[in-house]
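Peer 1: Build me a model:
(one chain, ligands or ions: 1)
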Amino acid sequence: MSAAYAGRRVVVTGCASGIGERLAHLLHERGAEVIGVDISATTAPVARFVTADLSDSASTRAAAEAIGGPVDALFNVAGLSGAIDPALVVGVNFAGTRELTELLLPRMTAGAAIVTTASIAASHYLERRDLVAGLLATRDRDEATRWCREHSADIGTGYSVSKDAVVWYTMTHAVPLAARGIRINCVAPGLTATPILEASRASRGEAFLDAIPKPLGRVAAPGEQAAVHAFLGSDDAAYVSGQVIWADGGYLAGVATGQLPHRTGSLGDPAPTGGQP
Ligand SMILES: NC(=O)c1ccc[n+]([C@@H]2O[C@H](COP(=O)([O-])OP(=O)(O)OC[C@H]3O[C@@H](n4cnc5c(N)ncnc54)[C@H](O)[C@@H]3O)[C@@H](O)[C@H]2O)c1
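Peer 2: Presented below is the predicted three-dimensional model:
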């Protein structure tokens, strides 16, 4: 078993379920002291569990206080989707990620790493650069919420735009953080067998998921996404920063080369009652 994380103190948000839960297991097996953060209780082998609602600034601040320091790696995995207020989706997926990252950055020193989690829903991030620039320019959660209200006609469910913002946040911070010896990278998972996918299946039916091409002939297992997060947070990726790893089984490569149809990432993607991958 690898001991790549021996002696490292790491934070995993979303550790109660799916990819984050698998990641907490993996990092524990690799020797890390894992501080788990989630709104729900976890059975993952964390050294410490901190309950937090990442849609709420007071709760996020209290969590950062409870986490303490040092922080050698921060994995922002928590996320949500579904037929809920788009501002709430953005509030957890982007504003929550940004807020916790910025609260914990003072506890990170040279050699530390940050990993964010986007989605193939962000696959139009280049085309939507101008729209998302407004969200990125917000200074805090309240401004981000206001921006969502003002752009409700443009942002659909909020999910794709929240993940676009995570991609741009990651890329924007690579250079300034590099000056401090800190790396930041992003995993953009394709369809992955977790409760989010089950919610999509239940609400939209099998046909919706079938229509999204799967070059490997299957969806990912949560552990396969967790392994990419673990790589990016480790010294094996010591010269990697500002990257987005599209962990999608080859889907977007197929789209870019005209071999596969583009079926994800539209701002209009409906989420009738369940999740959006
Ligand atoms: N499963 C997929 O197909 C897929 C595809 C692309 C991206 N993703 C992304 O991967 C990440 C992990 O998702 P998953 O598939 O493991 O889903 P999941 O639902 O299994 O896990 C999400 C976790 O986030 C936590 N969470 C939600 N809201 C929270 C809040 N307000 N405060 C604190 N914690 C909160 C949940 O309690 C849960 O433990 C998410 O960011 C998701 O958007 C998933």
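Peer 1: What residues sit buried inside the longest helix along the chain?
Peer 2: For the chain, the helix with the greatest residue count under DSSP state H is helix 159-178. Neighbour-count burial for helix 159-178 flags 159-171, 173-174, 177 (criterion: 16 or more other C-beta atoms under 10 Å). Where you see a C-beta, it was placed from the backbone N, CA and C, and this is true even at glycine.
Peer 1: Show me what that helix is packed up against.
Peer 2: If contacts are counted by 3 or more C-beta pairs under 8 Å, 6 or more residues apart in numbering; DSSP states H and E, helix 159-178 sits against helix 86-90, helix 97-104, strand 113-117, helix 129-136, strand 183-189, strand 244-247.
Peer 1: Export these as TSV, with columns for mean pLDDT, distance to Trp147 and mean neighbour count.
Peer 2: Shown next, in TSV, are these (pLDDT from 0 to 100; distance: least, C-beta to C-beta, whole Å; neighbours: other C-beta atoms under 10 Å):
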stretch	mean pLDDT	distance to Trp147	mean neighbour count
helix 86-90	97	8	23
helix 97-104	98	13	21
strand 113-117	99	19	27
helix 129-136	98	5	16
strand 183-189	99	21	27
strand 244-247	98	23	20
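Peer 1: circling back to that earlier point, measure how the longest helix of the chain sits relative to strand 113-117, angle-wise.
Peer 2: 170 degrees (axes from the mean of the first three to the mean of the last three C-alpha atoms, to 10 degrees).
Peer 1: give the contact list for the residue nearest to the spatial centre of the chain.
Peer 2: In the chain, the residue lying closest to the centroid (C-alpha atoms, centre = their mean) is Thr117, at 2.0 Å. For Thr117, the contacting residues are 14, 19, 75-77, 79, 97, 166, 186-189, 229, by C-beta atoms under 8 Å, 6 or more residues apart in numbering.
Peer 1: For the stretch 151-277 of the chain, which segments are assigned as helices?
Peer 2: Remark: helices assigned in the stretch 151-277 of the chain by DSSP state H, counting those that start in this stretch are 159-178, 195-204, 206-210, 222-233, 251-256.
Peer 1: on that earlier part again, export the helices and strands packed on helix 159-178 to a markdown table and append columns for distance to Ala199.
Peer 2: Shown next, in a markdown table, are those (distance: least, C-beta to C-beta, whole Å):
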| stretch | distance to Ala199 |
| --- | --- |
| helix 86-90 | 13 |
| helix 97-104 | 20 |
| strand 113-117 | 17 |
| helix 129-136 | 24 |
| strand 183-189 | 15 |
| strand 244-247 | 20 |
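Peer 1: Name the residues of the stretch 101-250 of the chain found near the ligand, please.
Peer 2: Contact residues (C-beta under 6 Å from any ligand atom) of the stretch 101-250 of the chain with the ligand: Thr117, Ser119, Pro189, Leu191, Thr192, Thr194, Pro195, Ile196, Leu197, Pro222.
Peer 1: Any idea which of the helices and strands packed on helix 159-178 gets closest to Ser152?
Peer 2: Proximity to Ser152 (C-beta to C-beta) singles out helix 86-90 among the helices and strands packed on helix 159-178, at 6.7 Å.
Peer 1: now the residues of the stretch 101-250 of the chain next to the ligand: which count as buried?
Peer 2: Looks like those have Thr117, Ser119, Pro189, Leu191, Thr192, Thr194, Ile196, Leu197, Pro222 buried, using 16+ other C-beta under 10 Å.
Peer 1: ok, these vs Asp235, which is closest?
Peer 2: Looking across these and measuring by C-beta to C-beta, the closest to Asp235 is Thr117, at 20.5 Å.
Peer 1: give the contact list for the nearest residue to Val89 once chain neighbours are set aside.
Peer 2: Once flanking residues are discounted, Val89 sits nearest to Gly158: 3.7 Å by C-beta to C-beta, 6 or more residues apart in numbering. By C-beta under 8 Å, 6+ apart, Gly158 lies in contact with Asp85, Pro86, Ala87, Leu88, Val89, Val90, Asn93, Cys148.
Peer 1: could these go into CSV alongside distance to Ala63?
Peer 2: Formatted as CSV, those follow (distance: C-beta to C-beta, whole Å):
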residue, distance to Ala63
Asp85, 22
Pro86, 24
Ala87, 20
Leu88, 18
Val89, 19
Val90, 19
Asn93, 16
Cys148, 22
